[in-house]
Structure formats: structure tokens, C-alpha cells
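Visitor: Sequence first, then the predicted structure, then my questions.
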Amino acid sequence: MSSLKPVRGTHDILPEESLRRRLVEKTADEVAARYGYGEISTPLFEFTDVFARTLGGSSDIVTKEMYTFEDRSGDSITLRPENTAGVARALISNGLAQQLPLKFFYRGPMFRYERPQKGRLRQFHQVGVELLGVAQPLADVEVIAMAAQFLQALGVGGKTTLELNTLGDGESRGAYRETLVEYLLGRKGELSKESLERLERNPLRILDSKDPGDRAVIKDAPDMADSLNDLSKRFFDELLEGLETAKVAYVLNPRLVRGLDYYCHSAFEFTTQELGAQGTVLAGGRYDGLIKQMGGPPTPGTGWAAGVERLAMLIAEPVERRRPIAVIPVAPGQAAPALALAQQLRQAGFTVDLGYSGNMGKRMKRANKVNACAAVMLGEDELSRDAARVRDMDSGEQREEPLASLEDHLARYN
RNA sequence: GUGGCUGUAGCUCAGUUGGUUAGAGCGCCUGGUUGUGGUCCAGGAGGCCGGGGGUUCAAAUCCCCUCAGCCACCCCA
């Protein structure tokens, strides 16, 4: 075994795996395009401030999960742990706030310094969308409906459930936070030590704790719904109505919260039972305060991000590679005609495998190994008659075919 | 960052109470078949037993450290 290993939490994506991942990205791209979203690519790294100021000092992403380093000019640089902050920064940098509303799709690697496990890597990949400049709940309806359609198109719609909650606006959230903390303080003795810490730092997080003791306390906790002001209530009602009109099925989960500070109103997750502890496959919400917080004009936003690796794991069947046609020179004398024919067929759009060496038997074996659908054999005899021998690799039947009509004959395999 | 489990051939795994040349299946290569793949038969290559240190006459096996993977927690896609 070689001592050359990839860095912890990273791995090489070999061709077979690439096919599955490409399917995920392509499907997301196509569905997003139908909603009018154009692809945006922001840099893989930003000034650390971009993330530190927006993600919220209390979030774990900032405190322990960022890949941060100093570059040669002494600037603090961070590999992006998610893409919303980068898109928001791009909006400001490019003065795009003049052209709202804007709809972006993105995909690419993200980096978080975490302990790896199944469906969790230090370099992982996301596809996501951001809808900027629309304050109405219709925007949330749109991105959620798009997410549902995306998962459906991928074939994993049946394996996922949309969970939905509202965090309310700043006022409602603050009010709820107070009621919740008050309640939790009353039962302080029953909380886990992690939750005791969260009590000050991020009390809402206690709501989705997995600790059994916490759960018992949470069960009787006050509901966010009771702390919502009229505006927040109306927003949420319109969201639910919109989802029903758009025929998107959802389940309300009052314990669904967000780790990042800039979220408000809608919070949603598509979850699955098939991935162990990493059940969330796509998650998002509204982040109206973010862009102003970064120094831009007040701009509402909503969107989601999905884990490419997690979705790729959910796809049942391996994606099949296109079957090639093998072109085989019978003897070295036919090497040149074989190369010429292979190129002609490739130019015509066929997928062609041309072996590099070996006698005919070896080349046939290779044709079999690459799962060729047909073999086109060029021998002295056939060539003297301007023909080739075509073998169907599944049935084993073969026939002589004039070169002039070869492409037409092979069309059935493409 | 915390806890548990696991590292033996490219892959999946055996390997007895420490004992001499470390095995199997699959895969790979060669030949049986110099103009025909899959099946079959015969042969072959491929291992610092994750790495380092220690105990011992002797370590894949026991001890310590370290690295990595998996699972869970924290957190999150």
C-alpha cells in the first residue's frame, strides 16, 4: 500500500462515481434553468471576513470548521464552507442590486474542517439556488417547488420528505427566544451539558437535540407559532397556501431550526431515512438580513443548497456509460485503415474504442471488457472487397457489411 | 473536538494458545485458440500484514504511540 494518501476527508472521484455526480448536477442545472436561474460561479476562496461576518460568530462553522489560512500578502483567506455568502458578496461587488430580482444556480466544492463520516467530507460538493430581491413568500414557494421537482427528476422524490418551519422575522424570533430560554431555565437540571452551553450561545438549537433527556424537555416547550407577530404569521400562511397551490407535499416540523444566524421566516429541509445520521439532503430558507449585514443595500433573499455526494448515494442504479463500438484490425497490416475508420466513425458521432496493441483475440477481449455493443473487424479479405465484418457482441451474430453502408448499419447501436 | 469499532494482495476477506516459505475468492497477466470476446482448463504476477517504537529466542498475532477509514456525538448538505 502506498504511503501517498489524499488529505483526510477528501477523495478522488473516479469515472464511475463521476457519472452519478454529473447526473445530479445536470438535473439540478436543467430544472433550475426551467425556472429561469442562470449559473453563477464565485471563487472557491474569499476574504475570511465574508464568512466570519455573515455566518454569525456563534455558529460552529465559524468557530471550528473553516479552512482559514494566510496568503503570501498576509490576507486572511478562507475556503468557502457554503456559497450563499459568496453569492451575496458577488451581488454587492458587481453592483447587481440594480437589477433585482436575480436568480442564480451554482454548483461546486465547499470545504469544512470536520470529522469525516458517511456523507460528510472535508471537501464536498453542493448544488444550490439563490433568489434575490423578492420579499414575497411566493419566492419561497418557487424555490421549494423547484427543489421538489429537482429531487423528483433525480428519481429520489419518493425517498425524501419536505420538512418545513418558520423562524419568523427578527422581532418574532427575539420574542420566542426569550420565552424559550425562560422555559428551559426552569428545567435546566434535565438538560444535557451540550444544551446547557447552547442555552446562551444558540438556544433555538436545543430544539433539534438528539439527547433523550433534552427531547423530554423539548416535548413540552413553547411553540414558535405562538410567538409570531402578525406579519410573520401572514408570511407563513401565504407560504403554505402557495405550496398547496403548487402541489408540493410538506410536513410541518416546529423543531426545525437553523444553525446560521441570517435565516428568517421559512426554513426547510428535504430529509431521507436511508443515509444514517446524515439525513438532510437539501436544505434552505430565507435570509433577508444577510446582504445588508454585509454592507450592501437591504435585499431579501431565499434559496437552498443540496449535497451532491448525499444525493449521489441515494440514486439506486449506477449510471450506465455509453457502450462503444470496437474497431479491430485483424492483423498489423490493417492498423492504419482501422485508425482511419475509427476517426471517421467518431467524427460521425459514434462512440468508438480502438485498442492500442495486441492480436485479434486480445482485442476482442478488450472489446468485451469495455462492454462494446459491436465489433467492427477489418481483415485483408474484407478490405479487398471494401467491406468490414460486424459482430453483434450480445448475440454473437456477425455479417459482412460494405464500408459504404457501414455507418447506416451501425446506427442501430448508437 | 469527544467516544466506539476497524486497518492483511487492486477488491472482499481468512489467518488457531505468538512459531519458521502469510492464504482464499474475485480481478489482473500468459497460454490452451497466430482471423473471434463472454464459459471452461492450466500456469503466473502481485504483500515492509497502515506507519513508528517496544516486549520476546521468535510478532500479522501482545503493549504503546501515530495515521487513516467506518459508526455515533457536536454540527451540518
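Guide: Arrived safely.
Visitor: interface residues of the stretch 51-200 of chain A facing RNA strand B?
Guide: For the stretch 51-200 of chain A, the residues in contact with RNA strand B (Cβ under 7 Å from any atom of the strand) are A:59-61, A:64-65, A:82, A:112, A:114-121, A:124, A:126, A:194, A:198. (Each C-beta comes from the backbone N, C-alpha and C, glycine too.)
Visitor: Which of those residues are buried? Put it as a ChimeraX command.
Guide: Buried residues among those (16 or more other Cβ atoms under 10 Å), as a ChimeraX selection:
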select /A:59,61,65,82,112,114,119,120,121,124,126,198
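Visitor: So which of the residues of the stretch 51-200 of chain A next to RNA strand B belong to strands?
Guide: Cross-referencing those against strands under DSSP state E gives A:Phe124, A:Gln126.
Visitor: Tell me the helix or strand right after the helix or strand harbouring A:Ala145.
Guide: With secondary structure defined by DSSP states H and E, A:Ala145 is part of helix A:137-154. Counting by DSSP H and E, the element after helix A:137-154 in chain order, helix or strand, is strand A:160-166.
Visitor: Direction included, what does that next one pair against?
Guide: Each strand that pairs with strand A:160-166, with its direction, by DSSP bridges: strand A:251-252 (parallel), strand A:264-272 (antiparallel).
Visitor: the bottom helix or strand of chain A by mean pLDDT?
Guide: Confidence across the helices and strands of chain A bottoms out at helix A:60-64, with a mean of 67, counting by mean pLDDT, DSSP states H and E.
Visitor: residues contacting A:Glu309?
Guide: Shown in contact with A:Glu309 (Cβ atoms under 8 Å, 6 or more residues apart in numbering): A:Arg21, A:Gly119, A:Leu121, A:Phe124, A:His125.
Visitor: do the same with A:Glu65
Guide: When contacts are counted by Cβ under 8 Å, 6+ apart, A:Glu65 touches A:Pro81, A:Arg112, A:Tyr113, A:Glu114.
Visitor: Now the phi/psi pair for it, please.
Guide: In this entry, A:Glu65 is assigned phi and psi values of phi -110, psi 0 (degrees, to the nearest 10).
Visitor: Give the closest residue to it in space, chain neighbours not counted.
Guide: Counting by Cβ to Cβ, 6 or more residues apart in numbering, A:Arg112 is the residue found nearest to A:Glu65 once chain neighbours are left out, at 4.4 Å.
Visitor: Report the two of the contacts of A:Glu309 separated the most.
Guide: Farthest-apart pair in the contacts of A:Glu309 is A:Arg21 and A:Gly119; separation 13.4 Å (Cβ to Cβ).
Visitor: Show me which of the contacts of A:Glu309 has the smallest pLDDT value.
Guide: When these are sorted by pLDDT, the bottom entry is A:Gly119 at 83.
Visitor: Counting neighbours, what do you get for the residue nearest to it when sequence neighbours are not counted?
Guide: Excluding the flanking residues, the one nearest A:Gly119 by Cβ to Cβ, 6+ apart is A:Gln278, at 3.8 Å. For A:Gln278, the neighbour count with other Cβ atoms under 10 Å is 16.
Visitor: residues touching A:Gln278, list them.
Guide: Neighbouring residues of A:Gln278 by Cβ under 8 Å, 6+ apart: A:Gln117, A:Lys118, A:Gly119, A:Arg120, A:Gly307, A:Arg310.
Visitor: just the helices in the stretch 51-200 of chain A please.
Guide: Secondary structure of the stretch 51-200 of chain A by DSSP state H, counting those that start in this stretch: the helices cover A:60-64, A:84-93, A:137-154, A:170-186, A:193-201.
Visitor: Now do the longest one: which elements does it pack against?
Guide: Taking 3 or more Cβ pairs under 8 Å, 6 or more residues apart in numbering; DSSP states H and E as the contact definition, the neighbouring helices and strands of helix A:137-154 are helix A:15-34, strand A:123-132, strand A:160-166, helix A:230-245, strand A:264-272, strand A:280-286, strand A:301-307, helix A:308-314.
Visitor: Tabulate those in a markdown table, adding columns for distance to A:Asp208.
Guide: Below are these laid out as a markdown table (distance: least, Cβ to Cβ, whole Å):
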| stretch | distance to A:Asp208 |
| --- | --- |
| helix A:15-34 | 26 |
| strand A:123-132 | 21 |
| strand A:160-166 | 10 |
| helix A:230-245 | 19 |
| strand A:264-272 | 10 |
| strand A:280-286 | 11 |
| strand A:301-307 | 18 |
| helix A:308-314 | 18 |
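Visitor: A:Leu102 is nearest to which of the ones you listed?
Guide: For the helices and strands packed on helix A:137-154, distance to A:Leu102 was read as Cβ to Cβ. The smallest value, 4.7 Å, belongs to strand A:123-132.
Visitor: next one: that closest one to chain centre, how far?
Guide: Using Cα atoms, centre = their mean, to the nearest Å, we find the averaged C-alpha position of strand A:123-132 to lie 7 Å away from the chain's own average C-alpha position.
Visitor: That strand pairs with which strands?
Guide: Taking DSSP bridges as the criterion, strand A:123-132 pairs within the sheet with strand A:102-111 (antiparallel), strand A:301-307 (antiparallel).
Visitor: That strand relative to helix A:15-34, how many degrees between them?
Guide: Angle, strand A:123-132 to helix A:15-34, by axes from the mean of the first three to the mean of the last three Cα atoms, to 10 degrees: 0 degrees.
Visitor: Now do the buried residues in strand A:123-132.
Guide: A:Gln123, A:Phe124, A:His125, A:Gln126, A:Val127, A:Gly128, A:Val129, A:Glu130, A:Leu131, A:Leu132.
Visitor: and the angle for it with strand A:280-286?
Guide: Computed by the same axes, to 10 degrees, the angle between strand A:123-132 and strand A:280-286 is 30 degrees.
Visitor: Just want the angle from strand A:123-132 to helix A:137-154.
Guide: Strand A:123-132 and helix A:137-154 meet at an angle of 140 degrees, taking the same axes, to 10 degrees as the criterion.
Visitor: Direction-wise, compare strand A:123-132 with helix A:84-93 and give the angle.
Guide: For strand A:123-132 and helix A:84-93, the angle between their directions (the same axes, to 10 degrees) works out to 50 degrees.
Visitor: could you dump strand A:123-132 to CSV, C-alpha only?
Guide: C-alpha atoms of strand A:123-132 as CSV (Å, rounded to 0.1, in the frame of the first residue of the first chain):
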residue,chain,number,x,y,z
GLN,A,123,-14.2,18.7,0.6
PHE,A,124,-17.8,18.1,-0.5
HIS,A,125,-20.0,19.5,-3.3
GLN,A,126,-23.2,21.3,-3.4
VAL,A,127,-25.7,22.5,-6.0
GLY,A,128,-27.9,25.3,-4.9
VAL,A,129,-30.0,28.3,-5.9
GLU,A,130,-30.5,31.8,-4.6
LEU,A,131,-33.4,34.1,-5.4
LEU,A,132,-32.5,37.7,-4.5
